[in-house]
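Trainee: build the 3D model from these lines:
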Amino acid sequence: MIKGREESLRTIKVVAAIVIQNDQVLLARRPPEKHHGLLWEFPGGKVEAGESPAAALARELREELNWDVVVGPLFDSIARNSDGVITEVCFYLTNACPDSTPQPLEGQEIVWANSQIISQLALTPADAIIAGRLLRDGQIRPIP
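Mentor: Numbering: from 1, shown residues only. Got it, this is the predicted structure:
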């Protein structure tokens, strides 16, 4: 049996947190040595084998930001094919646990960004699409 092209492609699952507080959203800057280095993104990471997306997202935020969160519903997902590898990024609406604040543990920069700040930051392509949707939907508004 011949496998179809889609079946032969490798898929990487990535999860990202959309955390909105006071009309601002948390963004993290990618390390310079990584793909899309120095661009901004919603924080998250790769889903490991046997791990649910929600568990992966909670783990990534705990490991990278020492931050406890409650992962909510899927907001949107974006899949891209690059050199025979499909990367699917799933963006989840996420809430911080009470008395928990993000503290970068791996040297990355983070920022709480309102609509004016987001428009000045260079985002990864997928994150730019999601940020645009959040802005259009009025989920992130200008601070008066």
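
Trainee: grab the most central residue of this protein for me.
Mentor: In the chain, the centroid-proximal residue (C-alpha atoms, centre = their mean) is residue 16; its distance is 2.7 Å.

Trainee: got the buried residues for the helix or strand hosting it?
Mentor: In this assignment (DSSP states H and E), residue 16 forms part of strand 10-18. Residues of strand 10-18 classed as buried under the neighbour-count rule (16 or more other C-beta atoms under 10 Å) are 13-18. For glycine as for every other residue, the C-beta is placed from the backbone atoms N, C-alpha and C.

Trainee: spatially, which two of the residues you listed are the most separated?
Mentor: 13 and 18 (16.8 Å; C-beta to C-beta).

Trainee: and the strand holding residue 16, what does it pack onto?
Mentor: strand 44-46, helix 53-65, strand 69-82, strand 85-96, helix 125-136 (3 or more C-beta pairs under 8 Å, 6 or more residues apart in numbering; DSSP states H and E).

Trainee: the first one pairs with which strands, and in what direction?
Mentor: Spelled out, it's strand 44-46. strand 10-18 (antiparallel) (DSSP bridges).

Trainee: and the contacts of the partner strand?
Mentor: Strand 10-18 is contacted by residues 25-26, 41-47, 53-54, 56-57, 60-61, 69, 71, 75, 84-94, 127, 130, 134 when judged by C-beta atoms under 8 Å, 6 or more residues apart in numbering.
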